[in-house]
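Trainee: Build the 3D model from these lines:
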Amino acid sequence: MKNPAHLPAQMNRYVNRDLSWLGFNHRVLEEALDPNLAVYDKIKFLAIHASNLDEFYRVRISDMETQDKLGAVNHEEASSYTQILSQLRAAAQQQVDEVRRILAHHVVPELKQNNIVLYLNDADVRQEHEGFIKDYFLTKVLSFLQPVQLKPGLPPFLEDRALYFIGNYSIEGGGQETMLLNIPSQYLPRFLTLPPLDGCHYIVYLDDVVRLGIKTVLHTHHFSSFYSIKLNRDAGLNLDEDAGEIAEQMKISLQQRAFGLPSRFQHDPDMPATLVSFCHTYFRLEQDEIAATSRYQHMTDLFGFPNPLKPQLEQPHWPSYKLSALASFPNYFDAIDQADVMLHFPYQSYDHVLIFFNQAVLDPYVTEVMATFYRVAADSHIVNALISAAKNGKKVKAFVEVKARFDEANNLRWAERMIEAGVEITYSLPDIKVHAKTALIVRQKEGVTKLYAFYGTGNFNEKTAGVYSDIGLLTANAAMNAELKSVFHFLYNQQRPAKFSHLLVSQFNIIDGFKQLIAQEIEAVKQGREGRITIKLNNLEDTEMIDALYEASSAGVKINLIVRSICRLRPGLEGISQNISLVRVVGRYLEHSRVFVFHQDGQQKIYLGSADWMRRNLRSRIEVVFPVYDERCRKQVLHFVNTQLQPYAKTRLLNANLQPVPFGGLQPVGYDAQEAFQNYIASLQSPTD
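Mentor: Numbers count the residues shown, from 1 in each chain. Predicted coordinates for the structure are as follows:
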């Protein structure tokens, strides 16, 4: 699509999706500079940023490198993938450089102010600690080391995300050899806490333990220095879903993932150019894949940074609240018979979901349980409840998505355990991921069959439920739940559902449904009435839906967007999106819920669901978006999105280039939208123990 005449010539109609994502990851990095955050929470955000960037290189950069090698062109942006990759790598490098500065000039000094010293160089280690480090090296570390002399020919295989040293050493006769040495962080903690000295706590990288210790073992080798390196590999999986059993194919593909092509080679910035050049040639790297990052690679390990003063130097814990409306009933089914129940995680306890499943296991009237699983917790209580239900003679069906990236192996393990217990398992559909977060329980009592459902915006995963902001709905709405049952029948036997009147389901009615809701707001404006839309998403990437919002804005519909991560829409452009505002909320919880509010002449239609507005979600996944009918639940959703739209200090209003701008001269109403919503939930019920 050509740019309209009033769009600046240098500005594409859509933001590049990957530059947009890097902008989000930079916003995550900014949290490490927030003076209101405790230092260990700043460290956590550095780790989150590093983890995000690793995945970006393993998935997105790898995919674009493949496109580039095939000579493909991004026609939408009229750019080669070579040009796009160059922009992305430059932006990523700037962020890596900023991480190094934040750690050295902000985090480490703040730790020192609190009597915690992180050694940033083996030369800085105090003499009093050398004996302790040597003993730890000889007893805990040495057995994991595998020094390799690098000789001409086939180089040793560098494992994905593993840490290594590389360095030169002198040999007799005046020559030099090169050695590769692993840093065994997959077996040992990356950080070692040393004995306190003079009232201070000391912490050293495992890297420096190896640096100091190896000299005592290889004392005949005269090393010039060791330099850290790390390789990211392509994490994509190649599946031929017509070639046989998907679970068996996935097992084979997971083994192959470890051997993916390189996507980023990181090295110590102090590494000599001659040694960088050697690595370039010896490990058969592309020049663009080589990046000078840090003396210490893999900052994701900061997740495990020890806190000898715990719980000091960390944010106070926010309690998760029990819902009194459920506690007053003997079981949840009786409560849901009275009214729909809305749950806000992690502001409210995820125990409610566990109790819902556990009561289904023991309830004598429950005959059947159905659920979809996209990302399963490693120690899932929910899956254990389904296993117990099957062993208790109930009919249990589970749809397990084994193509959920980086959770494939865990999902397969749980599926196999469920099969052993008698659970009927259905695996991934060909060319489609099932991303819906739903469960359905069939209950027969006094000759009457009723359906009880859980609809969610987040996974059935107790671990992520503690850090992801999501919404769940428990309901006995007969019409909605009958439609959900038809979705399950489609998943289990590809029986095409009848027409949906309540749910919006991708592959069937989700695109047309959303476009019709947008069109109704446009029509209201044309009739002289108010048109208004509020949408909260993780990612807004699908150009067809963006164009629908542009059309609505041009017609005069007021649109408020809350988009956490990727956003390809440009807000505030005259004649295109002047009626669209865009905010981003980043805080202690990862914003994960998807919310859709359409004004409808003051009778708002409110939907929640699993679907982002990305091409993959709307076109190559099964997603379930569900309406909110209960008035009390509706008020909670509206309060939630209205809170996120307010000018809090941690909320960012973004312009057409997705850069933060002032909130039109408005003063912040407070520090944090998430904290404000926590206080709102606290006003509704009492905390758990």
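Trainee: which of the residues in stretch 413-429 are buried?
Mentor: By 16 or more other CB atoms under 10 Å, the buried positions in stretch 413-429 come out as 414-415, 417-418, 423, 425-429. All C-beta atoms are positioned from the backbone trio N, CA, C, and that covers glycine.
Trainee: and it, how far apart are its ends?
Mentor: End-to-end distance of stretch 413-429 (CA to CA, to the nearest Å): 18 Å.
Trainee: List of residues touching it?
Mentor: 241, 246-247, 373, 376, 380, 383, 386-387, 390-391, 395-403, 434, 491-492, 494, 622 (CB atoms under 8 Å, 6 or more residues apart in numbering).
Trainee: Could you do stretch 488-501 as well?
Mentor: With CB under 8 Å, 6+ apart as the test, stretch 488-501 has contacts from 370, 372, 397, 399, 424, 426, 429, 434, 440, 479, 483, 486-487, 505, 508-509, 513, 622.
Trainee: out of those, which are buried?
Mentor: Looking at the contacts of stretch 488-501 with 16+ other CB under 10 Å, the buried ones turn out to be 370, 372, 397, 399, 426, 429, 434, 440, 483, 486-487, 505, 508-509, 513, 622.
Trainee: Now for the residue nearest to Val148 when sequence neighbours are not counted: which residues touch it?
Mentor: If the residues on either side of it in the chain are set aside, Val148 comes closest to Leu180, at 4.6 Å by CB to CB, 6 or more residues apart in numbering. If you count contacts by CB under 8 Å, 6+ apart, Leu180 has them with 147-148, 150, 156, 164-166.
Trainee: And those residues, which two are furthest apart?
Mentor: Pro156 and Phe165 (13.0 Å; CB to CB).
Trainee: how about the CA coordinates for stretch 132-142, as PDB?
Mentor: What follows is stretch 132-142 as a C-alpha-only set of coordinates in PDB (Å, rounded to 0.1, in the frame of the first residue of the first chain):
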ATOM      1  CA  PHE A 132      38.600 -19.700  49.300                       C
ATOM      2  CA  ILE A 133      38.300 -19.300  45.500                       C
ATOM      3  CA  LYS A 134      41.100 -21.700  44.900                       C
ATOM      4  CA  ASP A 135      39.500 -24.400  47.100                       C
ATOM      5  CA  TYR A 136      36.100 -23.900  45.400                       C
ATOM      6  CA  PHE A 137      37.800 -24.100  42.000                       C
ATOM      7  CA  LEU A 138      39.600 -27.400  42.900                       C
ATOM      8  CA  THR A 139      36.700 -29.100  44.500                       C
ATOM      9  CA  LYS A 140      33.600 -27.800  42.600                       C
ATOM     10  CA  VAL A 141      34.700 -26.400  39.200                       C
ATOM     11  CA  LEU A 142      37.800 -28.200  37.900                       C
END
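Trainee: buried stuff in it?
Mentor: Neighbour counts using 16+ other CB under 10 Å place 132-133, 136-137, 140-141 of stretch 132-142 among the buried residues.
Trainee: ok so, going back, for the contacts of Leu180, which ChimeraX command selects only the ones that are buried?
Mentor: For selection in ChimeraX, the members of those meeting the burial criterion (16+ other CB under 10 Å) are listed in this command:
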select :150,164,165,166
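Trainee: need the contacts of Leu180 in TSV with distance to Leu212, can you?
Mentor: Putting the contacts of Leu180 into TSV (distance: CB to CB, whole Å) gives the following:
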residue	distance to Leu212
Pro147	15
Val148	20
Leu150	23
Pro156	24
Tyr164	17
Phe165	12
Ile166	17
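Trainee: Can you tell me which of the contacts of Leu180 is nearest Gly556?
Mentor: For the contacts of Leu180, the closest approach to Gly556 (CB to CB) belongs to Tyr164, at 59.4 Å.
Trainee: can you give me phi and psi for that closest one?
Mentor: In this entry, Tyr164 is assigned phi and psi values of phi -140, psi 160 (degrees, to the nearest 10).
Trainee: tell me which element the nearest residue to it once chain neighbours are set aside is part of?
Mentor: Distance criterion CB to CB, 6+ apart; nearest residue to Tyr164, sequence neighbours excluded, is Ile229 at 5.1 Å. Ile229 is located in strand 222-233, with elements delineated by DSSP states H and E.
Trainee: how about that strand: buried residues?
Mentor: In strand 222-233, the ones that count as buried by 16+ other CB under 10 Å are 223, 226-233.
Trainee: Filter the contacts of stretch 488-501 down to the ones in helices?
Mentor: Judged by DSSP state H, helices contain the following of the contacts of stretch 488-501: 479, 483, 486-487, 513.
Trainee: JSON lines for those residues, including pLDDT?
Mentor: Formatted as JSON lines, these follow (pLDDT from 0 to 100):
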{"residue": "Ala479", "pLDDT": "97"}
{"residue": "Glu483", "pLDDT": "98"}
{"residue": "Ser486", "pLDDT": "97"}
{"residue": "Val487", "pLDDT": "96"}
{"residue": "Gly513", "pLDDT": "98"}
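Trainee: In a markdown table: those, plus distance to Leu618.
Mentor: Output for these, formatted as a markdown table (distance: CB to CB, whole Å):
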| residue | distance to Leu618 |
| --- | --- |
| Ala479 | 24 |
| Glu483 | 18 |
| Ser486 | 20 |
| Val487 | 16 |
| Gly513 | 11 |
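Trainee: Leu120: which of those is nearest?
Mentor: Proximity of the ones in helices among the contacts of stretch 488-501 to Leu120 was ranked by CB to CB; the top entry is Val487 with 54.0 Å.
Trainee: Which one of the buried residues of strand 222-233 is nearest to Lys44?
Mentor: Minimum separation from Lys44 among those (CB to CB) is found for Lys230, which lies at 20.8 Å.
Trainee: for that closest one, which residues make a bridge with it?
Mentor: Applying DSSP bridges to Lys230 gives these bridge partners: Leu163, Gln266.
Trainee: That one against Asp160, yeah?
Mentor: No - because the distance of 9.3 Å does not satisfy CB atoms under 8 Å, Lys230 is recorded as not touching Asp160.
Trainee: For the stretch 301-450 of the chain, which segments are assigned as helices?
Mentor: In the stretch 301-450 of the chain, the segments counted as helices under DSSP state H, counting those that start in this stretch are 324-327, 332-338, 351-362, 381-391, 408-421.
Trainee: name the helices or strands packed onto the shortest one?
Mentor: Other elements packing on helix 324-327 under the criterion 3 or more CB pairs under 8 Å, 6 or more residues apart in numbering; DSSP states H and E are helix 332-338.
Trainee: Could you list the residues in contact with the helix it packs on?
Mentor: Contacts of helix 332-338 with the rest of the structure, by CB under 8 Å, 6+ apart, involve 325-326, 328-329, 341, 352, 355-356, 359, 363, 365, 443, 450, 452, 474-476.
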